[in-house]
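Asker: A structural model of the following input is requested.
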Amino acid sequence: MPRGVPGPVKKMVKKQLPNRTSFSKENPRPGPGRPKGSRNKFTEELKQAILDAVNNAHDEGLFGFVRDTAVETPTAALALLGRLIPVSMGGAVDLNLTVRHIDETD
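Answerer: Prediction:
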């Protein structure tokens, strides 16, 4: 059929899927999961693998790699530095400003 001309309308039949949130013998209750406050093992292992790779990529280790990166691409070094500096500083700042106007004309 050409575009814009409606064709025969097919009746769509929804397939009934089992409810994934209900628990039954076929779908038992999941385990308790990771305990609150425990660290993600995959993330720790990935970070350690990255540090090991960078440490072995340079003769002087991690320090030499970061130093050479800072010299060759300062934008990357500044981005790394930005990750190390905290975004917001805690504490309160008390600013009391006193303005005194002295008229020295006679």
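
Asker: Tell me how many other residues surround Gly64.
Answerer: The local packing of Gly64 (other CB atoms under 10 Å) involves 14 other residues. Just so you know, the C-beta spots here come from the backbone N, C-alpha and C atoms, and that holds for glycine as well.

Asker: what's the answer for Phe65, then?
Answerer: Around Phe65 there are 17 residues (other CB under 10 Å).

Asker: In the protein, which helix is the longest?
Answerer: helix 41-56 (DSSP state H).

Asker: residues of that helix that come out buried?
Answerer: When burial is assessed from 16 or more other CB atoms under 10 Å, helix 41-56 yields no buried residues.

Asker: Same check on stretch 61-80?
Answerer: Buried residues in stretch 61-80 (16+ other CB under 10 Å): Phe65, Val66, Ala77.

Asker: Show me the helices in this protein, by range?
Answerer: Per DSSP H, the chain carries helices over the ranges 41-56, 61-72, 74-84.

Asker: With mean pLDDT and distance to Thr98 added, can I get the ones you listed in a markdown table?
Answerer: Shown next, in a markdown table, are the helices of the chain (pLDDT from 0 to 100; distance: least, CB to CB, whole Å):
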| stretch | mean pLDDT | distance to Thr98 |
| --- | --- | --- |
| helix 41-56 | 85 | 51 |
| helix 61-72 | 87 | 44 |
| helix 74-84 | 84 | 36 |
